[in-house]
Every structure is written in structure tokens, then in C-alpha cells.
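Q: model this:
(one chain, ligands or ions: 2)
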Amino acid sequence: MKKLLLSLMVLFGMQTYAQTSTAPNIIPAPQSMEVKPGSFVLTAKSAIGFSVTASKAGGLFNEFLQTNYGFKLPYAKVVSSVNFIEDATLPAEGYELTVTSKSITLKGNGAGLYYGIQTLQQLVPLTKGTSLSIPNVVIKDAPRFAYRGLMLDCGRHFFPASYVKKYIDVMAQYKLNRLHWHLTEDQGWRIEIKKYPRLQEVASKRDETVIGHAGRSKEYDGKPYGGYYTQEEIKDIVKYAEARYITIIPEIEMPGHAQAALAAYPYLGCTGGPYKVGTTFGVMNEVYCAGNDSVFAFQEGVLDEVLALFPSKYIHIGGDECPKDRWKTCPKCQARIKALGLKDEHELQSYFIGRVEKYLNSKGRNIIGWDEILEGGLAPNATVMSWRGEAGGIAAAKQKHDVIMTPNTYLYLDYLQGIPATEPMGIGGYLPLKTTYGYEPYSPNLTAEEHKYIIGVQGNVWTEYIQTPEKADYMTYPRGLALAEITWSPAGKKNYESFLNRLPDELARMDRQGVAFRIPEPEGLENSVTSTVQTTATLKPSVTGAKIYYTLDGSEPTTSSAVYTAPVTIALGAIDNKVLKCIVVTPAGRKSAVYSATYLRKDYKAAENVNPSKKGVNFEFTNSRVRRAADLGKTKADSTGVMAGFDIRSFSKKDIYGITYTGWFNAETDGLYEFRTNSDDGSLLYIGDELLVANDGEHAPQEKTGLAPLKKGFHKIKVQYFNAGGGQTLSVQAGIKGKQSINLRSVLYTAQ
Ligand code: ACM
Ligand code: ZN
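A: Ligands and ions are numbered 1, 2, ... in the order given. Below you'll find the model as predicted:
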């Protein structure tokens, strides 16, 4: 009976959806939405009414209409066609929006009124017009988490005040309400502190910046770089944010990430310097001395001015990545450890954080720290920001401390959104939109009672490799919209397919606003494995109104290439593969990177009926000289054994040798896998009995790839490699084509 009722309800729901011309695409998805037949038609004649306490709301909506549609509504008395009403009986930050054919009524509690307007704006059709049809709906909404944050690192790179405001505008539009403003770093101090003028004169500037990735480069650009926010600018930004219901939480880092401050005031370090403002990125050894009381006087002097600027209840004091090398050899730090009977330098760090916490608590504020603040014992009232995965957050919640989840595994928005080939240079990592979207903050490792300590979630935009506002937009969105949905929408309302369907309209809005988000791959651009002689590619632009230009001949698409207008037929020969390459160009004229999909005529290889559990591969090693990997196995092995994976480092003292490795490759899903070898000298890679990557012969490092459609499960893999003298290299990588690939150095299973 219940089941029947449920299916009737689903059917009914679908019908009401089908009757509306515009399916509302709201991001973040509201708590509940009922779509009804019909719509309200908004024209310049529809008057706005508002309750006394909701007077700002009308102005806000009119500003939106004027900017995007070129008209405004006249004001009228409270009951009108469009009504905004403050209603303190609704949940915190909640609102109710009712659109009927006759009127629009929005009730909201505080910020809720503002958020209701954001939702209403998403209901207005994208297309410009003087008669705007808004679907009839009843929406009841309130946030899942009170803390919905984004962190912008203005230390590594300085972003102008105008951009910080733009960043706030976009956040507010998606109901995010905390801007964690990272203001001090090794590479630059960005907040004016009048008591310490050398922070402006010295710490805000660096001589130059590393070119390329700090982990791989020793080249510098030779160009001085700097910038800081004056206290006047900060006051203005804080006010601007407040008007949009965003609290700014400043981060003043300590005891690590402090090299810029040390360069300005060398007495703050253990050695006394000299120090220079960082010019490359990473974790620096030079940190504040924890044994010197004048360091604490400095922190208090800085914080006094910070507190006067930021009304936020929380002040973030960092606490991450503080190497203890200097403290270990510093007489003052060691004297402090001894005097206080501390166990080690971790406890010294806890002392540091605890002492600053006490000062801030005495001023009525609370601290947030990165999860390293757990290491020598948590400061009594600290909130923990869990970034090294969720472990720190879980541990803190178990200790009954508040937690903000910001795990790098989902929410480090500086990590790449696609494979390196299609992404601008970045810090590394791999966090496609889908991964970020999939984050659920309530860890199953916590009880329902402990979940209450998870007060919110945040995405972090670290800017080592984000030099410009455009790139900050690119890295933040669309993953920032996934964050909005994680933090706002009820867990049960989250659905990636639905999110992807709602995304194109929202991205079109952002495009119109000049937000330089990453343009996602077109929907439907997927590798395809088929046994038929032709296949079709059905694509949909990832931004409403965008155009897709494509090629099928391997050439790079441009705006002169074929425009996608209808499904493309792809003819495949006997055993053939074709690559469709495309670019997406938004209505505002921004171009995506080149994205591609491979269409392969071949049968899927079934997985073997095995379930190996031991990690590693078997190997047969020979000292004999061969000239081709194909000749291996003809001579007797000199030794055999098991090792972690395809890794020649333990053999590389030999000059002439050959190895045959055999093991199992675990295909985690059905898919078109690409295997890649880079070898010097030759190598062969087999999947099952099929030679997939022929990279044989004597040669310098050379890369070759092969495609294999594999069913989920274990597949036999064999790699043969030889070195005939001189340089030697073997790297074997695998992954779904176009997605992240992994090095097969340690993730294989031994053949049993
Ligand atoms: C961090 O990413 N070091 C907090
Ligand atoms: Zn010291």
C-alpha cells in the first residue's frame, strides 16, 4: 500500500514538472520544492511591497532586474504583486517562497530573506525580456550547516580589493556565508598593522617568484611582487561582506608560515635571521620562536588591530605545517620546554596556540586552527579545521570540539579539475567536480551525537599557482557550486545527475556576470566501446547557450571547426578508433580547453574469475644480454621473486639485464583503459594474451600507449623490459582514458 502511494506521488510529481515550461534549476537545491502548473508573469508594472523590516529586499531584487533585464518595479504598499516579508518564526537563515499566477510572496528570517531573493533570481528566465515568466512554486528552505565557507589565500598571491568583493558577490549568490581570508604567509604579509610598519615595508613584498612548479623548478622571474590591504580597505570589505550576510574570518598564521614576518622583524625567529620573504613555495623551516615572550607581545599587538577590524567570533590562527627543526636547537625554546615540563616540541606548539587562544578568549573571541593543533593536545576552546583528510576532524569531534571539514581529498579547490593535459599548471592532485560533489561531511566513523560538532564545511583556494583573479575564478567554480550544495542542501536532496542538469543555466548566469569559471566538458562526451561499424556522439554544452566546435580528424578544434548542431555519426572501420576533439565557447566568448573522447570498435575484455589478495607482481630477472624484450623468456631466469610493481630501481645497478613481470591489474569499473609505458630500452605490455603497448627495441626514453576496453575486475598483465646498457627507465601508467592515470609501481596483485 505504502509502495503504491509512493509511486503515485512520484508520478504526480513528474506530471506537475512536465506541465511547467521552465523546470526550476536551483543551486544549491532547496530543502523542499513543489512545482505547480502555471506561472507568474513579471513585467515593469508588477509592484513590490515589503514589510518594514524587509525594506532592503525590494531594492536588491530591483537592482538584479535593472542590471540583467533593464527594468525596475515600482514600490507599493505591503500587499502587492511581489511581496517581501521578514518572518522571525522561520528557521535560522530560512525562507519560504510562494509563486502563484497572481503573486510572489517571499518570507525570510534575517539572512533568509536575502537567500530567498537569490533563489527567486534563479527562477527568472535567463533570456532577456520585459515579460518574465516565473514558474509557480512553493519552496521551503533553510541551510543544513551554519558554516558554509570558502578560503581565499591572498598571501601567496595578492588579489585586489575589487576582486575580493567580486568573490564575495558570487559566494553570497550561492548562499555561502563565511570567507576565510588567509592574510599572512611565508611569501607575503597582506594586512596593514600600524604598530609594526615593517610588515608593510618589508613583509608585504618579495624579490621575485619561482617560475613553474616549486617542486620541480629552480628558476625565478626576477620581478619584485607585493601588495597589502590597508585597514580602510579591510573595513570597507568587511562591511561589504556583512551586507551580503558573509562573515570574514581572518587568518593570521602562527607559529609556521611566518617567514615574511620574520624578514621584517628578525627577533621573532629562533636564530635572529637574517631572513627574506619567501620566493618559492613549500613548507619553510623558519618559524616564530616559541621561547621568546616578545613573540607573544608581537602576536597580541597584531591581533589587537585585527580584532578592531573584524567583528567575527572566530579568528583563525593557522597552526599547520610548522617544522620543529629550529625549536629543537633553540636555547630559548628548549628552556621553555624544560621550565614548563613539556614532553616535546609538539607540546611546545600546543603551548604556543594555547597561549594565543587564552589572549583571544579574554577578548571574547574563539580560535580556529588547522588540524595540526591536535598534535600536542588541543587548546581548550579551539575549533579544528580538518584539512589532511577527515582524520583530524573526527578526532576533534570525539574530543567534543567543533569542527569545520575541509578535507584536501574533496575540497582543496587548488587541485586539478581534470588531467594535466587539459588543465592550466597547478599544484597537482586530481579533484574533478564529481569527486567534490560526492563529499558527505557526516563521517560514518562518528556517532549522530558527534556529528553535532561538525559545524560546517569549507573549500580552500590556495594560490601558489593561482596568480590572477581569472584563475581564482577558474579554480573555484564550478566546484564552489558543489560546495554550496554540500553545505546548504539536505543530504537526501543531493544527486549528481540532477546537479549536472541544473548546472548549465547557472553557469550561463555566471558567464553573464563575468565569472571566469572552468567550462566543463560537454555532457555526453564519453569514451565509447562498441562492436558496431558506427556510433553516435550526442553532446550538450555544459553552459546554456554555449557552442561546441569539434573535429574528428585529430586536428585541434577552433571556432572555424564544425559547429555541433545535432548528434554526430562516427564511422568505425574493422578495428578502429576515432577521437572527437572539441572546445566549448560560452555566450560571453570564453573558450574551454580541448576536450576529447575516444570511440573504439572492439569487444570488452571480460575479467578473469580470480580474486587475488596479495599485493605485488612476480618477476623473472635475467642477466643475459637481449636486444628485444620479445626475446625474454627464451633464456633461463637468474632470479625470481615478488616485488611491489613495475619498478626497476632495485635492479638499476646492473647495466645489462631483462625482466618479465606478471601480475593482476584491477579494473575498478568497466571502461576504456589506456596503458602507457615510457621505457629505455624497450618494453612490451600485455593484457591477457594481447600485446597492447609495443615499445620494444633499443632506444632512449620513449612513450607509447595502448587502449583496452576492460570489464570491472582482475585482468592478467605482463610487462617485459630490457636494458642493453646506458640510461635506463621504466614507467608504466594506467587509467580510464581522459581521466586520472596511476603509476603501476605498487598497486598490482601477484599472480597466484
Ligand atoms: C594547509 O593546507 N597547509 C592547511
Ligand atoms: Zn626558539
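
Q: helices or strands up against the strand or helix carrying A57?
A: A57 is part of helix 55-69 when elements are defined by DSSP states H and E. Using 3 or more CB pairs under 8 Å, 6 or more residues apart in numbering; DSSP states H and E, the elements in contact with helix 55-69 are strand 48-50, strand 82-86, helix 111-123. All C-beta spots, glycine's among them, are computed from the backbone N, C-alpha and C.

Q: Render the CA-only coordinates of the helix or strand following the last one in CSV, please.
A: Going back to what we said before, that points to helix 111-123. Per DSSP H and E, the first helix or strand lying C-terminal to helix 111-123 is strand 131-141. Provided in CSV are the C-alpha atoms of strand 131-141 (Å, rounded to 0.1, in the frame of the first residue of the first chain):
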residue,chain,number,x,y,z
SER,A,131,7.8,40.0,-19.6
LEU,A,132,9.4,37.3,-17.4
SER,A,133,7.6,34.1,-16.7
ILE,A,134,8.4,32.7,-13.2
PRO,A,135,7.1,29.2,-12.6
ASN,A,136,4.6,28.6,-9.8
VAL,A,137,6.4,27.0,-6.9
VAL,A,138,6.3,26.6,-3.1
ILE,A,139,9.8,26.5,-1.8
LYS,A,140,10.6,25.9,1.9
ASP,A,141,14.3,26.2,2.6
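
Q: quick one: which of the helices and strands packed on helix 55-69 is nearest S531?
A: Nearest of the helices and strands packed on helix 55-69 to S531, taken as CB to CB: helix 111-123 at 43.6 Å.

Q: ok so, going back, how far does the helix holding A57 sit from the chain's center?
A: The chain centre lies 31 Å from the centre of helix 55-69; the measure is CA atoms, centre = their mean, to the nearest Å.

Q: can I have that helix written out in CSV, keeping just the CAs?
A: Output of helix 55-69 as CSV, limited to C-alpha atoms (Å, rounded to 0.1, in the frame of the first residue of the first chain):
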residue,chain,number,x,y,z
SER,A,55,13.0,47.2,3.2
LYS,A,56,16.4,46.2,1.7
ALA,A,57,15.0,43.2,-0.1
GLY,A,58,13.0,45.1,-2.7
GLY,A,59,16.0,47.3,-3.6
LEU,A,60,18.1,44.2,-4.0
PHE,A,61,15.6,42.5,-6.4
ASN,A,62,15.2,45.7,-8.4
GLU,A,63,18.9,46.0,-8.8
PHE,A,64,19.0,42.5,-10.2
LEU,A,65,16.2,43.2,-12.6
GLN,A,66,17.8,46.5,-13.7
THR,A,67,21.2,45.0,-14.3
ASN,A,68,20.1,41.9,-16.2
TYR,A,69,16.8,42.8,-17.8
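
Q: what comes into contact with that helix?
A: 48-50, 71-73, 75, 82, 84, 106, 108, 113-114, 117, 120-121, 124, 128-130, 132, 512 (CB atoms under 8 Å, 6 or more residues apart in numbering).

Q: in the stretch 551-700 of the chain, what residue is nearest ligand 2?
A: R649 (39.3 Å; CB to the ion).

Q: and this protein, which residues reach ligand 1?
A: 320-321, 370, 387 (CB under 6 Å from any ligand atom).

Q: mind running it again at 8 Å?
A: 257, 318, 320-321, 370, 385, 387-388, 408, 412, 460, 462 (CB under 8 Å from any ligand atom).

Q: If you rank these by neighbours, which is first?
A: Comparing these by number of neighbours (other CB atoms under 10 Å), M385 comes first, having 29 neighbours.

Q: For the residue in the stretch 101-250 of the chain that ligand 2 sits nearest to, give me its contacts.
A: The nearest approach of the stretch 101-250 of the chain to ligand 2 comes at D186, 17.3 Å away (CB to the ion). D186 makes contacts with 155, 257-260, 277-278, 284, 286, as judged by CB under 8 Å, 6+ apart.

Q: picking that back up, return the member of the helices and strands packed on helix 55-69 having the minimum mean pLDDT.
A: Ranked by mean pLDDT, these end with strand 48-50 at the bottom, a mean of 89.

Q: which strands and helices sit next to it?
A: When contacts are defined as 3+ CB pairs under 8 Å, 6+ apart, strand 48-50 packs onto helix 55-69, strand 82-86.

Q: ok so, going back, okay, the residue of the stretch 101-250 of the chain closest to ligand 2: pLDDT?
A: Predicted confidence (pLDDT) for D186: 98.

Q: returning to that earlier point: which among the contacts of D186 gets closest to K614?
A: Among the contacts of D186, and counting by CB to CB, the member closest to K614 is M284, at 41.7 Å.

Q: Buried ones in stretch 66-75, by neighbour count?
A: For stretch 66-75, a neighbour-count test (16 or more other CB atoms under 10 Å) marks 68-69, 72-73 as buried.

Q: Tell me the one of these nearest D680?
A: Of all those, D680 sits closest to N68, with 58.5 Å by CB to CB.

Q: and the closest one, how far is that from ligand 1?
A: 37 Å (CB to the nearest ligand atom, to the nearest Å).

Q: Next, find the distance separating that residue from ligand 2.
A: As judged by CB to the ion, to the nearest Å, N68 and ligand 2 stand 57 Å apart.

Q: give the contact list for Y147.
A: By CB under 8 Å, 6+ apart, the residues touching Y147 are 177-178, 404, 455-458, 487.

Q: could I get the helices and strands packed on helix 55-69 as JSON lines with mean neighbour count and distance to A593?
A: Below are the helices and strands packed on helix 55-69 laid out as JSON lines (neighbours: other CB atoms under 10 Å; distance: least, CB to CB, whole Å):
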{"stretch": "strand 48-50", "mean neighbour count": "22", "distance to A593": "43"}
{"stretch": "strand 82-86", "mean neighbour count": "23", "distance to A593": "42"}
{"stretch": "helix 111-123", "mean neighbour count": "23", "distance to A593": "28"}
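
Q: which stretches of the stretch 1-150 of the chain have low pLDDT?
A: By pLDDT under 70, the weakly predicted segments of the stretch 1-150 of the chain are 1-23.

Q: In it, which residue sits nearest ligand 1?
A: When scored by CB to the nearest ligand atom, the stretch 1-150 of the chain has G149 as its residue closest to ligand 1, at 13.4 Å.

Q: didn't that residue look like it was pressed against L179?
A: Yes - at 7.1 Å, G149 counts as touching L179 under the criterion of CB atoms under 8 Å.

Q: mind checking how far the residue in the stretch 351-500 of the chain that ligand 2 sits nearest to is from D603?
A: Ligand 2 sits closest to F352 of the stretch 351-500 of the chain, with a gap of 10.4 Å, by CB to the ion. Look at F352 and D603: by CB to CB, to the nearest Å, they are 63 Å apart.

Q: now I548
A: 30 Å.

Q: Give the residue from the two that has the larger number of neighbours.
A: Neighbours per residue (other CB under 10 Å) separate I548 from D603, with I548 holding more: 25 against 11.

Q: That one: which element?
A: For I548, the host element (DSSP H and E) is strand 547-551.

Q: who does that strand pair up with?
A: In the sheet, strand 547-551 lines up against strand 562-563 (antiparallel), strand 577-585 (antiparallel) (DSSP bridges).

Q: what distance separates stretch 202-219 from the centre of its chain?
A: Centre-to-centre, stretch 202-219 and its host chain are 24 Å apart (CA atoms, centre = their mean).

Q: so I427, which of the three states?
A: coil (DSSP: H, G, I helix; E, B strand; the rest coil).

Q: doesn't N460 make contact with it?
A: No - if you go by CB under 8 Å, I427 and N460 don't touch, sitting 11.1 Å apart.
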